[in-house]
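In: build me a structure from this.
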Amino acid sequence: HSFQHVFCDETPLPVLEKGRRRTRKCQLWAHAVDDGPWQGPAPPAVAYVFSTGRDTEAIATQLGDDFTGILQVDGYGAYKALVKRTRRGKIRLAFCLAHARRKFVAVHKTTQSTAAAEILVEIAAIYAIEKRIRGGTADQRLAVRQAESKPLMAALKRRLTELLAEISVKSTLAAAIRYTLRHWDGLTLFLEDGRVEADSNTVERSMRIIGQGRHSSLFAGSERGGRTWAILTSLLNTCRLNDVDPLTWLTDVLERIVSGRTKSHQLHELLVWNWKAARMPQSLQEAA
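Out: Model prediction:
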């Protein structure tokens, strides 16, 4: 949360109720950073937080009072309520173009709508530009977006507005259009800031492992188990994001802490990206 661009998402985690043979729905929230796409300072990292709730209070508690910057999320209402209850300008929401796109994909699959297909083609043009500029600096990305993506997004908005006036308000296409237009300011924030991504896939990719684990283990045995799940998954998945073998890293880290080779004031050296950098040959560090 010391970085100014954080991705956030949440997913259900069933927890076994104490003394009862049933589960209740709790949540694992994911907070992720990765400034690699614009050569920024934040390494790939994700922290999962166990919570019994999915409301605004839950995310407000997790972010605390210190976070200031851009929160990139889906359209869930708790994030919007969070912004309303914080100081004006303290948190800005960047929404996810991939979420809007999925709604048009669903419309096209069920209705074979020509209009939905055309909208998908227009969105694809935006993503083609994003693919081309990935890895450039924030200023370079912003310049290309202003010159190429901004006119495309403006044309898309005009197209959506015109379509909405022509079709049934009860149609699924109209619902997809209303969702997109309702979130337009957040969907186009990437046109104003080269650090921002067009979507929140950075954190959504980190949610896949939670879904896989939930399928295999079904539920956490207790709230304490849920918190432990969140901590271990944060450590192991951050290893994977940095191309580090989790077992090798965790074994070395625990040995260093237990033996006292790494002192309490040196724990930052054991963060995955610092640990990896310390073991890279000098030639590879210079190339990186």
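
In: residues touching Gly136, list them.
Out: Each residue near Gly136 by CB atoms under 8 Å, 6 or more residues apart in numbering is listed here: 38-39, 144. Backbone N, C-alpha and C define where each C-beta goes, glycine included.

In: just the buried subset of those, please.
Out: 38, 144 (16 or more other CB atoms under 10 Å).

In: need the contacts of Gly136 in TSV (columns: secondary structure).
Out: Below are these laid out as TSV (DSSP: H, G, I helix; E, B strand; the rest coil):
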residue	secondary structure
Trp38	helix
Gln39	coil
Val144	helix
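
In: in CSV, list the contacts of Gly136 along with pLDDT.
Out: Formatted as CSV, the contacts of Gly136 follow (pLDDT from 0 to 100):
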residue, pLDDT
Trp38, 97
Gln39, 96
Val144, 98
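
In: and of the contacts of Gly136, the nearest to Ala32?
Out: When those are compared for distance to Ala32 (CB to CB), Trp38 wins out at 15.2 Å.

In: gap between the closest one and Asp185?
Out: 21 Å (CB to CB, to the nearest Å).

In: just Asp243 next, same as before
Out: 36 Å.

In: compare the two (neighbour count), which wins?
Out: Neighbours per residue (other CB atoms under 10 Å) separate Asp243 from Asp185, with Asp185 holding more: 12 against 9.

In: doesn't the more buried one lie inside a helix?
Out: Yes. When three-state DSSP is applied, Asp185 is found to be in a helix.

In: so what's it up against?
Out: Under the criterion of CB under 8 Å, 6+ apart, Asp185 has no neighbours.

In: which one of the contacts of Gly136 is nearest to Leu181?
Out: Nearest member of these to Leu181, counting by CB to CB, is Val144, at 24.7 Å.

In: and that closest one, what does it touch?
Out: 129, 132-133, 136.

In: let's see 6 Å
Out: Contacts of Val144 were listed using CB atoms under 6 Å, 6 or more residues apart in numbering, and they are Ile133.

In: pLDDT wise, what is the residue lying closest to Ala176 once chain neighbours are set aside at?
Out: Nearest non-adjacent residue to Ala176, counting by CB to CB, 6 or more residues apart in numbering: Lys103, 3.8 Å away. Per-residue confidence (pLDDT) for Lys103: 97.

In: same question for Leu284.
Out: Each residue has a pLDDT score; the one for Leu284 is 52.

In: count the residues that sit near the residue found closest to Pro37 once you drop the neighbours it is linked to in the chain.
Out: Among residues not flanking Pro37 along the chain, Arg134 sits closest, at 5.0 Å (CB to CB, 6+ apart). Neighbourhood size, Arg134 [other CB under 10 Å]: 12.

In: tell me where this structure has helices.
Out: 56-63, 77-85, 97-111, 114-133, 138-144, 150-166, 172-182, 184-187, 201-217, 223-241, 246-259, 272-279, 282-287 (DSSP state H).

In: between these, which one is nearest to Arg24?
Out: Comparing the helices of the chain under CB to CB, the one sitting nearest is helix 223-241, at 9.8 Å.
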